[in-house]
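Colleague: Generate coordinates for the sequence data below:
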Amino acid sequence: MKLKFLILSVIFFTGLGLQAQVKFEAKVSKNKLGVNERLRIDFEMNQDGDNFRPPSFDGFTVVGGPNQAVSNRWINGNRTYSKTYSYYLQPNSRGNKTIAQAEITVDGKVYKTTPIDIQVTAAVDKPMDGDNSELIASDNLHLVAEVSDATPYLNEGITVIYKLYVSPRISVSNYREVDSPKFKDFWSQNIEIRELRPENGEYQGEPYRYVVLKKAVLYPQKTGKLELEPLTLSVSVDVPSDRRDIFGSRIYKTINKTVAAGTRTIDVKALPGNKPAGFTGAVGKFSLNVSTNKDQLKASESLEAKVEIRGNGNLNLFELPALEVPSSLEMYSPERIENVTTTLNGKQGSIIDNYTIVPTRKGQYPIKPLNFSYFDPQTETYKSLSSQEIIIDVEEGPALVGGNTIAGNNKQALNLPSEQFRFIKTATNLKPLEQQAFFRSWTFWGSLVLPFAAIPLVVLFGKRREAKAADVTGSKRKKADKLARKYLSEAKKNLGDQQSFYEALERAMHNYLKAKLHIQTSEMSKERILEILNEKNVASETSAEFIAVLKSCEFARYTPASNTAQHEDYDKAVRVISKLDKDL
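Modeller: Numbering: from 1, shown residues only. Alright, predicted model coming up:
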């Protein structure tokens, strides 16, 4: 028993010794450098010690430091402590040099670091670190791009957040964007940041402050490996110099430091191949609702049918199912209503197609059920939704010939248009009892002379028509201007309402290309649209103006725009569509 107790005691006290083992070591940023470069040396310890004594740094000049950093963390009840002393050294000459041992006292026991050999070569053409202030800024300022999911599915929303990490050793007074990411091959939506709020955090295990500078929601439009271009900033940084004022306080120096977030690669996965019929590219989680405001009415009265897709996903980037009604129900093109907001969770809200339907005959007419399919990235499966059949009961009006209801496409003409409103008497067929004879009446003489009097007008009209036909350029310009104002009519109505105006303007530009080139422009980036226009031999100036209008629509989502700017953007859109219509 005594032997067992002795063995357990040895194991216990040995474990305590291992747990309390002091770690004190020196680390350098590089072991080989030019005589015109500088290096950083860190003396790190895992327990707080006393009487820290740095080496003499023979062969070097201390140009910065000591800078002290302390980290004290508790993880699952276990305490992790670290303390670091940092110096910046400038070599005095070429050759092989040695940084001697540093010392620290912990619980009355002295610990020393291992000497480090440094090779100093001739001056290099491009020093990697610059002066001491540049080196300090590089080590204490970091721009990071955080991506929510690096392997999304096609059209699945991801978020990218750009954070600027600043060490407590320095401070930042200002910044500006040097280069913004273009998000090529992504549908992107920036999220407005109204106020920059510094927060405490960690970067590579060290305490830092950080601020969120930019947020964006991205929907990849291609599969494979796609690159996110880096965000690049020019930051005004206040760093401590090696000079001190008359009171002994360190003098700070302000420098402009350029930092970049680095390129991130997103590996986009293709959607599974077992796509259901009618799938139009919806990715997310949605619900389908088809309803009417009334199901009983009279002929020539109107009703409204609503097709609504609600949920979270790539709203605006897919087609809604089209409503089908019998031919005796006159249906007009739907009005699109979009209630969509963009947050870090993606696009959420609803898209509604509102149809106006007018029955022409008495009877009962079914509105067929609609089917809608989408891909759920959480379950990685396709899901299909179906609506219920709706019966429209037309109580009063002319009866349908044959008594049957015939289903057909939208806006089909009736076989008997002349009898469509026979039950309504709109004019009489009465004749006066005493009626003047036509011969030698004013009508007779007028009819006789009128053809001769009209000859000059016919000649004049013919000449004007020939001149108009000869003016091909003018005719095309008028036709193009008329087409442009047709697509931009909704945007013109919303002039003065910034959000509604720019949403309608962007939708008009996309709808024009969709109708003109038979492409789904809502699934394309501005770069792809520019490629298509170039392939169609559209003038580069016209293509650039078209993209500029789309950019104005995007910028207006998070920057204020005056009424003057809205009118200018509207006129620019009219001019661009007119030019495109002539080129295409």
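
Colleague: Where does pLDDT dip in the stretch 201-350 of the chain?
Modeller: 241-250 (pLDDT under 70).

Colleague: What is whichever strand or helix holds Asp571 packed up against?
Modeller: Taking DSSP states H and E as the criterion, Asp571 maps to helix 563-583. Judged by 3 or more Cβ pairs under 8 Å, 6 or more residues apart in numbering; DSSP states H and E, the packing partners of helix 563-583 are helix 472-487, helix 489-493, helix 498-517, helix 540-555. For every residue, glycine as well, the C-beta is placed using N, CA and C.

Colleague: Just tell me which of these ends up closest to Asp179.
Modeller: Asp179 sits nearest to helix 540-555 of all those, at 15.5 Å, using Cβ to Cβ.

Colleague: what comes up buried for that closest one?
Modeller: For helix 540-555, the neighbour count (16 or more other Cβ atoms under 10 Å) marks 542-543, 545-547, 549-550, 552-553 as buried.

Colleague: And these, which is closest to Arg40?
Modeller: In terms of Cβ to Cβ, no member of those lies closer to Arg40 than Ile547, at 45.9 Å.

Colleague: Using CSV, lay out the buried residues of helix 540-555 together with distance to Ile532 and pLDDT.
Modeller: Listed next are those as CSV, based on distance: Cβ to Cβ, whole Å; pLDDT from 0 to 100:
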residue, distance to Ile532, pLDDT
Thr542, 13, 85
Ser543, 9, 85
Glu545, 15, 86
Phe546, 11, 85
Ile547, 12, 85
Val549, 16, 84
Leu550, 13, 83
Ser552, 20, 82
Cys553, 18, 83
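
Colleague: if we can go back for a sec, what angle separates the helix holding Asp571 from helix 498-517?
Modeller: 0 degrees (axes from the mean of the first three to the mean of the last three Cα atoms, to 10 degrees).

Colleague: what's the angle from helix 563-583 to helix 540-555?
Modeller: 140 degrees.

Colleague: chain center to helix 563-583: distance?
Modeller: 24 Å (Cα atoms, centre = their mean, to the nearest Å).

Colleague: can you list the residues that contact whichever helix or strand Ser384 is part of?
Modeller: Using DSSP H and E, Ser384 falls within strand 381-386. Residues outside strand 381-386 that contact it (Cβ atoms under 8 Å, 6 or more residues apart in numbering) are 272, 274-276, 279, 286-288, 369-376.

Colleague: quick one: buried residues of that strand?
Modeller: Tyr382.

Colleague: returning to that earlier point: just the contacts of strand 381-386 now: which is nearest Ala454?
Modeller: When the contacts of strand 381-386 are compared against Ala454 (criterion: Cβ to Cβ), the nearest one is Leu370, at 57.1 Å.

Colleague: Got the phi and psi for the closest one?
Modeller: When read as degrees, to the nearest 10, the backbone of Leu370 gives phi -100, psi 140.

Colleague: got the contact list for it?
Modeller: Leu370 touches 288, 290, 307, 321, 323, 386-387, counting by Cβ under 8 Å, 6+ apart.

Colleague: Can you say which of those residues are buried?
Modeller: 288, 290, 307, 321, 323, 387.

Colleague: and which of those residues is nearest to Asn354?
Modeller: Looking across the buried ones among the contacts of Leu370 and measuring by Cβ to Cβ, the closest to Asn354 is Val307, at 8.1 Å.

Colleague: Downstream of the worst-scoring helix or strand of the chain on mean pLDDT, the next helix or strand is which one?
Modeller: Across the helices and strands of the chain, mean pLDDT, DSSP states H and E gives its lowest value to helix 2-19, namely a mean of 51. Note on helix 2-19: by DSSP H and E, the next helix or strand toward the C-terminus is strand 24-28.

Colleague: Restrict that following strand to CA atoms and write it as CSV.
Modeller: Taking C-alpha atoms only, strand 24-28 is exported to CSV below (Å, rounded to 0.1, in the frame of the first residue of the first chain):
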residue,chain,number,x,y,z
PHE,A,24,9.4,31.4,-22.5
GLU,A,25,10.7,31.7,-26.1
ALA,A,26,11.8,34.3,-28.7
LYS,A,27,10.4,34.5,-32.2
VAL,A,28,11.7,36.6,-35.1
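
Colleague: what's next to it, contact-wise?
Modeller: Against strand 24-28 from outside (Cβ under 8 Å, 6+ apart): 39-46, 49, 99, 102, 104, 106, 111-114, 116, 118.

Colleague: Give me the buried positions along that strand.
Modeller: Neighbour counts over strand 24-28 (16+ other Cβ under 10 Å) mark 24, 26, 28 as buried.

Colleague: Next, the buried residues of stretch 358-370.
Modeller: 359-363, 365, 367, 370.

Colleague: What about the residues you listed, which are in strands?
Modeller: 359, 363, 365, 367 (DSSP state E).

Colleague: Surely the second one and Leu329 touch.
Modeller: No: taking Cβ atoms under 8 Å as the definition, Gly363 is not a contact partner of Leu329, at 10.0 Å.

Colleague: got the residue ranges for the strands in the stretch 51-200 of the chain?
Modeller: For the stretch 51-200 of the chain, the strands defined by DSSP state E, counting those that start in this stretch cover 60-75, 78-91, 95-99, 103-106, 109-112, 116-121, 141-147, 158-166, 171-179, 186-191, 199-203.

Colleague: and the second one with strand 60-75, angle?
Modeller: Interaxial angle of strand 78-91 relative to strand 60-75 (the same axes, to 10 degrees): 170 degrees.

Colleague: just how off-centre is strand 78-91 within its chain?
Modeller: Its chain's C-alpha centre and that of strand 78-91 lie 41 Å apart, by Cα atoms, centre = their mean.

Colleague: Need the CA coordinates for that strand. PDB is fine.
Modeller: Output in PDB follows, covering the C-alpha atoms of strand 78-91 (Å, rounded to 0.1, in the frame of the first residue of the first chain):
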ATOM      1  CA  ASN A  78      -9.300  26.500 -18.300                       C
ATOM      2  CA  ARG A  79      -7.200  29.600 -18.200                       C
ATOM      3  CA  THR A  80      -4.900  30.500 -21.000                       C
ATOM      4  CA  TYR A  81      -2.400  33.400 -20.500                       C
ATOM      5  CA  SER A  82       0.200  34.900 -22.700                       C
ATOM      6  CA  LYS A  83       2.400  38.000 -22.500                       C
ATOM      7  CA  THR A  84       4.500  39.300 -25.300                       C
ATOM      8  CA  TYR A  85       7.300  41.900 -25.600                       C
ATOM      9  CA  SER A  86       8.000  43.100 -29.100                       C
ATOM     10  CA  TYR A  87      11.000  45.000 -30.600                       C
ATOM     11  CA  TYR A  88      11.800  46.300 -34.100                       C
ATOM     12  CA  LEU A  89      15.400  46.000 -35.000                       C
ATOM     13  CA  GLN A  90      17.600  47.600 -37.700                       C
ATOM     14  CA  PRO A  91      20.900  45.800 -38.500                       C
END
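
Colleague: Just list what it packs against, helices and strands only.
Modeller: strand 39-45, strand 60-75, helix 132-140.

Colleague: ok, it: who's next to it in the sheet?
Modeller: strand 39-45 (antiparallel), strand 60-75 (antiparallel) (DSSP bridges).

Colleague: ranking those strands by burial, who's on top?
Modeller: strand 39-45 (a mean of 20; mean count of other Cβ atoms under 10 Å).

Colleague: ok, back up a step: of all the strands paired with strand 78-91, which one is nearest Pro181?
Modeller: Pro181 sits nearest to strand 39-45 of all the strands paired with strand 78-91, at 30.8 Å, using Cβ to Cβ.
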